[in-house]
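S.K.: Curious how this folds, go ahead:
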Amino acid sequence: MRLPPEERAAHRAAFAAMATSERLDYIFSYYKLELAIVSIAALVAGTIIVRILTHRDAVLYLAYANVAVESGLDEALGEGFVTHLGLDPQENEVYRYHDLYLSDDEGVADHRYAYASHIKLLGAIDAEQLDVVIMGKDAYDILSSAGYLADLPTIISGTDPETQEILVPLLVANEVVVEDNMVEYNLGETDTYQATVVEAVNAVDAAGLPLFEGAGFSGQAYLGVIANSPRQDAVLAYLEYLSAATF
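M.R.: Next comes the predicted model:
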């Protein structure tokens, strides 16, 4: 209800006579809801503005699973490729999923983290937002067995001869489960786990690439391509880049 002019004038005079702390307390006491709404609106608007200003288009999606990559090598695998394509790193990126950890051992201390990493990885694959994965041996075994990795000889055949000459000797094979009774085994309907397994050439020994060797990388690392990647041209360009790039 709108107050009479005299009463409004009295309120203004009383407010003007208040100390600064009293004014703030008065405003907070009587306008909590309005202040909350304004604060939320400002936060949302700020978040949207930051996203717009910092957004970069992903030319490729890369994941690191069970492997530690130093910042210099990480930059070469990301911004280095963007620059190689002649694109602006401020507007384009290789989107990276860092620090993923995969394990089939439910007894490991990091089982919850492994489960969360597995869910994150599956989500990225289902959303077709994962193209290449650099992985340690355990992660390689898990992803290969599940059939997530593409046949690399077929993909590499689409690259230039120089790339093929470097990558083909580095190709490695692993097992792929094409059929099993895991559901029945987990449900207790059978006492024995059985699986039909084939061998597939589905990774590159990444540690043997000049870029990794030049960066002083130590340990096992395998590079695989996700089978449902929709960015095949970018994958081919990335393989050609990795075969020629040096640190």
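S.K.: Could you use CA atoms for every contact and neighbour count after this?
M.R.: Will do.
S.K.: Give the residue spans of the protein that score low on pLDDT.
M.R.: For the chain, applying pLDDT under 70 flags the ranges 1-3, 5-18, 21-55, 106-109, 180-189, 191, 193.
S.K.: got the contact list for the most centrally placed residue in the chain?
M.R.: Centroid check for the chain by Cα atoms, centre = their mean gives Y97 as the closest residue, at 2.6 Å. Counting by Cα atoms under 8 Å, 6 or more residues apart in numbering, Y97 makes contact with 61-64.
S.K.: In JSON lines, list those residues along with distance to V82, secondary structure and neighbour count.
M.R.: Listed next are these as JSON lines, based on distance: Cα to Cα, whole Å; DSSP: H, G, I helix; E, B strand; the rest coil; neighbours: other Cα atoms under 10 Å:
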{"residue": "Y61", "distance to V82": "12", "secondary structure": "strand", "neighbour count": "22"}
{"residue": "L62", "distance to V82": "13", "secondary structure": "strand", "neighbour count": "20"}
{"residue": "A63", "distance to V82": "16", "secondary structure": "strand", "neighbour count": "22"}
{"residue": "Y64", "distance to V82": "18", "secondary structure": "strand", "neighbour count": "22"}
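S.K.: Pick the one among these closest to Q90.
M.R.: Each of the contacts of Y97 was checked against Q90 using Cα to Cα; the closest is Y61, at 16.4 Å.
S.K.: before we move on, back to that, does the residue nearest to the centre of the chain count as helix, strand or coil?
M.R.: What DSSP: H, G, I helix; E, B strand; the rest coil gives for Y97 is strand.
S.K.: how close does it get to V197?
M.R.: To V197, Y97 is 29 Å away according to Cα to Cα, to the nearest Å.
S.K.: Ok, A68 next?
M.R.: 30 Å.
S.K.: which one of those two has more residues nearby?
M.R.: When neighbours are counted by other Cα atoms under 10 Å, A68 comes out ahead of the other of A68 and V197, with 18 against 14.
S.K.: What segments of the chain are helices?
M.R.: Here the chain has its helices, by DSSP state H, at 5-17, 20-30, 32-54, 71-77, 79-84, 111-126, 137-145, 152-156, 161-167, 182-186, 210-214, 232-244.
S.K.: Give me the neighbour count for the residue lying closest to G219 once chain neighbours are set aside.
M.R.: Of all residues not flanking G219 in the chain, A207 sits nearest, at 7.4 Å (Cα to Cα, 6 or more residues apart in numbering). A207 sits with 18 neighbouring residues when counted by other Cα under 10 Å.
S.K.: Now do the same contact list for A207.
M.R.: 213, 217-222.
S.K.: ok, now with 7 Å
M.R.: Listed by Cα atoms under 7 Å, 6 or more residues apart in numbering, the contact partners of A207 are 213, 217, 220-221.
S.K.: Out of these, grab the one that's most surrounded.
M.R.: When neighbours are counted by other Cα under 10 Å, A221 leads the contacts of A207 with 27 neighbours.
S.K.: ok, H98 to S71 distance?
M.R.: 11 Å.
S.K.: quick one: which of those two has more around it?
M.R.: Higher neighbour count among H98 and S71: H98, with 16 against 9, using other Cα under 10 Å.
S.K.: dump the residue contacts of the closest residue to the more buried one other than its chain neighbours.
M.R.: Once flanking residues are discounted, H98 sits nearest to Y64: 5.4 Å by Cα to Cα, 6+ apart. Going by Cα under 7 Å, 6+ apart, Y64 touches 97-100, 133-135.
S.K.: Let's see the PyMOL selection covering just the buried ones among these.
M.R.: Buried residues among the contacts of Y64 (16 or more other Cα atoms under 10 Å), as a PyMOL selection:
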select buried, resi 97+98+100+133+134+135
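S.K.: any idea which of the contacts of Y64 is closest to S117?
M.R.: Nearest to S117 out of the contacts of Y64 is L100 (Cα to Cα; 5.3 Å).
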